[in-house]
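Engineer: I would like to see how this sequence folds:
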Amino acid sequence: MATTMNLSERLASREMVHPGELDYALETRARMHRAGAPYSPVYPTVGRLFPGTYYLNGIDALFRRTYSRVPLDATFTVAPGSPLAPPIVLREAKRDSVSQPVTGKLQVLASTREGNADQHTEARRRIACVITGTAAGLPGLEHPFAEHNLERLTRGDQCITPVSGSVKAHMLDKNVVQLKKSKNGAIQRVPVDKESDVIQLAAQLGSFNLTEAYGVPAGLAQTMDVAAQVAVAAGMEALKNAGLVCGKSNDPKDWMLPEHYRDSTGVVYASSFPAMDAAVGEVMRFLQSKTVGAADSTRLVTALRNRLVRASPSRELSDDDEAAFARLVARARETESEETKNKPYEFDRKFLFRVLVLGNAQLAQLAGCRGPNTQTNAACAGTTQAIAMAQDMLISGRAQRVVVVAGDNASGETLLPWLGSGFRALGAATTAATVEDAALPFDKRRSGMLLGAGGIGMVLETELSMVERQRLSPYPFQVKARLLATQYSNSAYHGAALDRKHIGSELIRFLNDIEIVHGICKAEIATHGVYFSHETCTHATDASSCSGNEVASLRTAFGDELLSKLLILNTKGFTGHPMGVSFEDVAAVEVLMRQTVPAVPNYQVKDDYLGNLNISKGGPYACRYALRFAAGFGSQVAFALYATAQFE
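Structural biologist: So this is what the prediction gives:
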């Protein structure tokens, strides 16, 4: 019996801790009761529990509890003598607050206990970045800003639809040739010369009208390309969601900030292809005006007669031919009205405004945002980098709130034949004909990305601004989530490929800074968090796939055991790839607020190269953190960590 129970060894394995740990444990229990549901426990860490111990995973919004068990063969992963209390409790106990980080460790600021600052000054130093408003203009709908868009993001509703026949024809006209490298290094030229070889699916924007919805003057709306329009609309919706404007009608006054908020509100605009829609569209309109197809019937008949005259040996036509042409000209004039005659090309006098990147300035003009105002292009990492830049503005005191917007229209009828052909030439776009065969994040069968479009808006504020508005604002709002940390950099590596070693080292740096500044270890993030991936469904190869490089970086930073616990999410499988627009960042906020996650669509076949991954199946999920990774052409890298609104 003594051998079976192994009492001596079990007693010897006990760990002596400071008596103050009991106070921390009781405080954690009190915090749980105050927090209510949903709740994600943080105390103690799994690495301090005996093998075989059952522990609470979380409590969802319906008060349903889920439990896990420590494996019987598990070993302690935390050094003896280290505190049992979670970092959140230690922070409250010590009150050694630091300001929120941008790209690394910031100096610890003195607290009121040292007698050199009053409570208000300390609060100003403890800049806490909160998110009070979000909006998403989703593709695949008749109206991009439908009422339940944010809910659709957390449900994972499919937005990808077939491409029209005319767009496919335009892609075929581009005479795309893909270069393929064989195993022996030889280059093969593969022409894209069949309709089945071009892009078949995309996530495309529906129509919307800024004038009808927001009272934007028609002349001003005409100066914006589609990317700027959808970004501006998303910004307006985010301001309304944040309770900064009432937005009850299309009266422009309903979308203007109150005067006392204008000077302290900034704007950051992200886009991968800003103004391209307008530039390409105008050039195509000019070229079409010079083609035979743009000529009216009378001109075509006259041109045909002149060609026949030149081809005739006698340089003249017979009387019968002349009579026939005369009848054709008369008939053409009868059937052509003034409305149907093609007018000669006239240069668009708003062209200059449409090709300038003014989405940030145009939103500021419409909403009255007089704070710092800029735009960024970090390709597909644009939105996450813009959010980081907004956090910089808040930390530096340049603004009290910032509206981050992003817009792109890569899958529109104007740009898809060009951008789609570009990705097709690189071999990066799928030609599968059904969504079930095309949208395959992390699946072994994945064969390329799906182009998308859309816009997002997000309002970030300092905690002081939020508290003041909650006391004074006539419009109700709530804190949706908190932005704890951001980091952005460049791998200086390649125009299109990812540098997995550098991304892994950057993620380690990011996680280390989070632990130093916030006391949140990577085990806590893996156990109580979700991960919003960059995965674009590019080919399942160990050399070049997005997911292969991304997962390798995650394993470098988290290790196999922790990565197997981190729930992996993906939105591009149902929104397509909207270029510089990150639906993931908005979805991260909504997931933390709603405590429910979307499923990774169509996942069936495991890719052994990626290893064991905790792929989301969708549904209720108790989580405290959301980790976001974004990458963009030109070796752009960006990270963000969000936390629930209850985080302290």
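Engineer: Give me the below-cutoff pLDDT ranges for the stretch 101-250 of the chain.
Structural biologist: Low-confidence segments of the stretch 101-250 of the chain (pLDDT under 70): 101-128.
Engineer: now the helices: where do they sit in it?
Structural biologist: Ranges of helices within the stretch 101-250 of the chain are 119-125, 149-155, 165-173, 210-214, 218-221, 226-241, based on DSSP state H, counting those that start in this stretch.
Engineer: got the contact list for Ala213?
Structural biologist: Contacts for Ala213 (CB atoms under 8 Å, 6 or more residues apart in numbering) come out as Phe145, Ala233, Asn250. (Glycine included, C-beta is placed from N, CA and C.)
Engineer: Let me fix that, I meant to ask about Thr154.
Structural biologist: Shown in contact with Thr154 (CB under 8 Å, 6+ apart): Ala587, Glu590, Val591, Arg594, Thr596, Val597, Pro598.
Engineer: which ones among the residues you listed are found in strands?
Structural biologist: Those of the contacts of Thr154 mapping onto strands are Thr596, Val597, Pro598, per DSSP state E.
Engineer: if I look at the most centrally placed residue in the chain, how far off is Phe145?
Structural biologist: The C-alpha lying nearest the average C-alpha coordinate of the chain belongs to Ser582 (CA atoms, centre = their mean; 1.1 Å). Distance, Ser582 to Phe145, by CB to CB, to the nearest Å: 17 Å.
Engineer: same thing with Ala311?
Structural biologist: 59 Å.
Engineer: Which one's more surrounded, those two?
Structural biologist: Neighbours per residue (other CB atoms under 10 Å) separate Ala311 from Phe145, with Phe145 holding more: 20 against 8.
Engineer: my read: that one touches Ala233, true?
Structural biologist: Yes: with contact defined as CB atoms under 8 Å, Phe145 counts as touching Ala233 (6.1 Å).
Engineer: Between those two, which contacts overlap?
Structural biologist: Gly137, Phe208, Ala213.
Engineer: Could you let me know which of these ends up closest to Ala552?
Structural biologist: Nearest to Ala552 among the shared contacts of Phe145 and Ala233 is Gly137, at 33.3 Å by CB to CB.
Engineer: so the closest one sits right up against Gly455, yeah?
Structural biologist: Yes: look at Gly137 against Gly455 with CB under 8 Å: they come within range, at 3.9 Å.
Engineer: which residues of the stretch 451-600 of the chain fall in strands?
Structural biologist: Remark: strands assigned in the stretch 451-600 of the chain by DSSP state E, counting those that start in this stretch are 453-462, 481-490, 529-532, 567-569, 596-599.
Engineer: same for the first one, what does it pack against?
Structural biologist: Put plainly, it is strand 453-462. Strand 453-462 sits against strand 129-137, helix 226-241, helix 382-396, strand 401-409, helix 583-594, with contacts defined as 3 or more CB pairs under 8 Å, 6 or more residues apart in numbering; DSSP states H and E.
Engineer: Please identify the most buried of these.
Structural biologist: strand 401-409 (a mean of 33; mean count of other CB atoms under 10 Å).
Engineer: Please name the strands paired to it in the sheet, noting orientation.
Structural biologist: Here strand 401-409 is paired, per DSSP bridges, with strand 265-270 (parallel), strand 453-462 (antiparallel).
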